[in-house]
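S.K.: predicted coordinates and the sequence they were generated for:
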Amino acid sequence: MAALGSPTRRSIGREESKAAAWQRPVLILIGGLILITLANYLSIAKYISSHKNGNSNLTADNSNNNNNNLPPSRILRKANSLTSYWWPSQDDGGLFAKIYNAQNPDREDCSLSTTKFFVWRSLAANEKDTRGITAWAHAGISHLLHALTDGDQFQKFGSRILITDDRLWPMAKGCKNGPQTRECYFEPLTRCTLSDVDEIHSKNAYELSNHNDEYDRSIRTLFSARKLWFRNTGQKYQWTGLKGGDVDHSHISLTAALLAYYLRPQPHLRDEIDKRLRRSLPADIDPDRTIGVPIRRSDKCHGHNLEGSAGGELDCPPLSVYLDEVKELLEFDPLIDSVIVTSEEKSACDEFISLMKKELPQLRVILNVGDVQQGTGSGSKLEAYVEAASNADVVASALTSMHMHLRARYFVITSKSTWTSTIAVMARAYGFASDIYVKDVGRNRNMFSALARKGCEPAHGEHITISSNIFDINVRSKA
């Protein structure tokens, strides 16, 4: 007989059954959580392993596994390139892709009778052409707009393909990576070749006598005049297929896309720019806390006298003026911690750095390490200005400076310089900072200067006189 008050075997079994009833689902739940955690850990480890070199394979839309073969989006490529080479691509879509596609039909279509060309020819005295990189770029994009709109007659006659001649390009003398033409450094403007165009004196060709010369739009091959200027295009967007006129779309977006297309480096130059950027840009650079000071001196200034270089055209402001603007920007945004300083003139760069160290020692100065600083922005005889420097070194050095400044938010420029204005325009369209502020210490009054200074066309109420250069649009107040 069981002792009084002691549990019976049956009652013990019932208690054990009750305990098992609630313990089993709890154990299952705990086990499931452990498995989920382990699976997440393995997924993260696999992701980190596959991206340990910083080369993300992500696409703009990761929800569909079928997208894995798409190129990385522009945003992801750019985010991974803060201290290395990045430039827009046709894979990004938009205006850049539209330009690329218009200029690059299928190779077999280049020889079709319906494919029309505009041949951009060098100056008659091309070896003495003193234009620098951005001056050439602006001439190039003006000719490109002429071709794309066929001289403002796109709606009736469609587009032409811009192609360059094969004469010597002054900055390409001694080229070791290709012909001594623009294509020594930059990607061809088209995959079509000069063998696809008509002979200049044939019935299917016409040679312009000057940039405003009218011509039969049915002619297959048009040759530019061998002169400095180029046609002004009044309807710049008509070839894009976007409805509305130029007043309905962004001038700066189109200008920047054209410049980006023209300035696409060849692979060897991309590698050189990338190497220089990695050497010059600190890993912790924050574009939103950085000022860009591209100091344009030498042949831009009155009194410049150097054989093979352009004469001066500007009363260059004292370097103390640049410093005052940096101080004003620092007062505006006390979070600024770095200043990118570049110049083609070594003495100006050194003097400004000394001023910075003396009066703003709290700011970090970022330099283009290995900058040639050839003492001119002109395109001829570059190899003669600095001992042991080659044209290739000068071009790589200059473009590295431009790429470095894309990592700035604030700028001190002279808009009378095409070089510094181009930097500001490209930063507005393709820079790494969240927004752009520009201080202009050498003010010019034309359309391109307005784009550089404030990112838009001249204000309503200003009188605009258009010259032969689409970027020399003189702006005068009616008052």
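M.R.: Okay, I see it.

S.K.: report all helices and strands that the helix or strand hosting residue 397 contacts.
M.R.: Assigned by DSSP states H and E, residue 397 falls within helix 391-405. If you count contacts as 3 or more CB pairs under 8 Å, 6 or more residues apart in numbering; DSSP states H and E, helix 391-405 packs onto helix 133-149, helix 267-280, strand 290-295, strand 338-343, helix 418-430. Heads up, the C-betas are built off the backbone N, CA and C, glycines and all.

S.K.: for residue 328, which of the ones you listed is the nearest?
M.R.: With CB to CB as the criterion, residue 328 lies closest to strand 290-295 of the helices and strands packed on helix 391-405, at 10.6 Å.

S.K.: other SSEs contacting the helix or strand following that closest one?
M.R.: Sequence order places helix 319-332 as the next helix or strand after strand 290-295, per DSSP H and E. In terms of contacts (3+ CB pairs under 8 Å, 6+ apart), helix 319-332 is packed against strand 290-295, helix 346-359, strand 410-413, strand 437-440.

S.K.: change it to 10 Å
M.R.: Here helix 319-332 touches strand 290-295, strand 338-343, helix 346-359, strand 410-413, strand 437-440, going by 3 or more CB pairs under 10 Å, 6 or more residues apart in numbering; DSSP states H and E.

S.K.: most tightly packed of those?
M.R.: strand 410-413 (a mean of 28; mean count of other CB atoms under 10 Å).

S.K.: in its sheet, what does it sit against?
M.R.: strand 290-295 (parallel), strand 437-440 (parallel) (DSSP bridges).

S.K.: out of these, which gets nearest to residue 203?
M.R.: Ranking the strands paired with strand 410-413 by proximity to residue 203 (CB to CB) places strand 290-295 first, at 48.9 Å.

S.K.: average pLDDT for that closest one, rounded please.
M.R.: Averaging pLDDT along strand 290-295 yields 97.

S.K.: and it with helix 418-430, angle?
M.R.: Per axes from the mean of the first three to the mean of the last three CA atoms, to 10 degrees, the angle that strand 290-295 makes with helix 418-430 is 160 degrees.

S.K.: follow-up on the earlier one: so can I have a markdown table of the strands paired with strand 410-413 showing distance to residue 73?
M.R.: Formatted as a markdown table, the strands paired with strand 410-413 follow (distance: least, CB to CB, whole Å):
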| stretch | distance to residue 73 |
| --- | --- |
| strand 290-295 | 24 |
| strand 437-440 | 27 |
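
S.K.: from residue 134, how far out is residue 416?
M.R.: Using CB to CB, to the nearest Å, we find residue 416 at a distance of 13 Å from residue 134.

S.K.: the two: which has the busier surroundings?
M.R.: residue 134 (24 against 21; other CB atoms under 10 Å).

S.K.: mind putting the helices and strands packed on helix 391-405 into JSON lines with distance to residue 410?
M.R.: Listed next are the helices and strands packed on helix 391-405 as JSON lines, based on distance: least, CB to CB, whole Å:
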{"stretch": "helix 133-149", "distance to residue 410": "21"}
{"stretch": "helix 267-280", "distance to residue 410": "19"}
{"stretch": "strand 290-295", "distance to residue 410": "4"}
{"stretch": "strand 338-343", "distance to residue 410": "9"}
{"stretch": "helix 418-430", "distance to residue 410": "10"}
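
S.K.: so for residue 78, which of those sits nearest?
M.R.: Across these, residue 78 has its closest neighbour in helix 418-430 (8.5 Å, CB to CB).

S.K.: list the buried residues for that closest one?
M.R.: Using 16 or more other CB atoms under 10 Å as the test for burial, helix 418-430 gives 418-430.

S.K.: likewise stretch 263-283?
M.R.: Neighbour count says stretch 263-283 has 263-266, 269-270, 272-274, 276-277, 280-281 buried, by 16+ other CB under 10 Å.

S.K.: tell me the gap between that stretch and the middle of its chain.
M.R.: Centre-to-centre, stretch 263-283 and its host chain are 13 Å apart (CA atoms, centre = their mean, to the nearest Å).

S.K.: cool, stretch 260-273 as well?
M.R.: The chain centre lies 10 Å from the centre of stretch 260-273; the measure is CA atoms, centre = their mean.

S.K.: check the separation of the first and last residues in that stretch.
M.R.: Terminal residues of stretch 260-273 lie 15 Å apart, using CA to CA, to the nearest Å.

S.K.: show me what the mean pLDDT comes to for it.
M.R.: 98.

S.K.: what's the answer for stretch 104-111, then?
M.R.: 98.

S.K.: one step back: what's the closest of the strands paired with strand 410-413 to residue 339?
M.R.: Proximity to residue 339 (CB to CB) singles out strand 290-295 among these, at 4.6 Å.

S.K.: tilt between that closest one and helix 319-332?
M.R.: In terms of direction (the same axes, to 10 degrees), strand 290-295 departs from helix 319-332 by 170 degrees.

S.K.: extract the C-alpha trace of strand 290-295 and format it as CSV.
M.R.: Taking Å, rounded to 0.1, in the frame of the first residue of the first chain, the C-alpha atoms of strand 290-295 are listed here in CSV:
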residue,chain,number,x,y,z
THR,A,290,36.0,69.4,-48.9
ILE,A,291,36.8,72.6,-50.9
GLY,A,292,38.3,72.5,-54.4
VAL,A,293,40.7,75.2,-55.4
PRO,A,294,41.8,74.7,-59.0
ILE,A,295,44.2,77.7,-59.4
